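**Student:** mind folding the following:
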Amino acid sequence: MKQRLVYEDQDFIFAENIGHPRVMKQVVLRLQRLMKHLVVDKHITPHCFRHTHTSLLIEAGAGVKEIQERLGHSDINTTMNIYAHMTKISKKRPPISSVNLRKVSSNWGSKVVSKTES
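**Tutor:** Okay, the predicted model is just below:
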């Protein structure tokens with residue numbers, strides 16, 4: 001009888017079918033193909049997702065200490081040096097509520113109609 005491999009969650013964002021990390025080159029190439037297919041003329045790397053995630057945390061009102069731990073920075077100064085400008089911007093506007101985040105995420109699959117289509 002053939003033994004089935006079981007997925008072992010190791011907290012990787014880009015993981016193989018059994019939970020091991022993907023080779024970063026595979027992720028980069030896949031992302032490049034997707035961007036080309038979607039006709040997006042921007043250079044986006046997997047690391048950009050880290051910054052996007054952090055931006056969303058800041059906009060949602062997460063504290064710097066929480067962000068530091070989430071990103072795995074051993075020194076809070078590292079977090080502050082990279083993201084301090086974003087925290088200043090977020091203080092100028094109200095935080096995103098979880099209700100608004102749920103509303104946005106529920107619309108992700110819906111078709112966006114441009115002004116020319118409506």
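**Student:** residue ranges with poor pLDDT in this structure?
**Tutor:** Along the chain, the model assigns pLDDT under 70 to residues 1, 87-118.
**Student:** in three-state terms, how would residue 41 be classified?
**Tutor:** Secondary structure state of residue 41, per DSSP: H, G, I helix; E, B strand; the rest coil, is coil.
**Student:** from residue 59, how far off is it?
**Tutor:** Remark: distance between residue 41 and residue 59 (Cβ to Cβ, to the nearest Å) = 26 Å. Every C-beta, even on glycine, is put in place using the N, C-alpha and C of the backbone.
**Student:** what do you get for residue 79?
**Tutor:** 16 Å.
**Student:** how many neighbours does residue 67 have?
**Tutor:** Residue 67 has 21 neighbours, counted by other Cβ atoms under 10 Å.
**Student:** residue contacts, residue 46?
**Tutor:** Residue 46 is in contact with 13-14, 24, 27-28, 31, counting by Cβ atoms under 8 Å, 6 or more residues apart in numbering.
**Student:** pipe those residues into JSON lines and attach distance to residue 50 and secondary structure per row.
**Tutor:** Formatted as JSON lines, those follow (distance: Cβ to Cβ, whole Å; DSSP: H, G, I helix; E, B strand; the rest coil):
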{"residue": "13", "distance to residue 50": "9", "secondary structure": "coil"}
{"residue": "14", "distance to residue 50": "12", "secondary structure": "coil"}
{"residue": "24", "distance to residue 50": "13", "secondary structure": "helix"}
{"residue": "27", "distance to residue 50": "13", "secondary structure": "helix"}
{"residue": "28", "distance to residue 50": "14", "secondary structure": "helix"}
{"residue": "31", "distance to residue 50": "13", "secondary structure": "helix"}
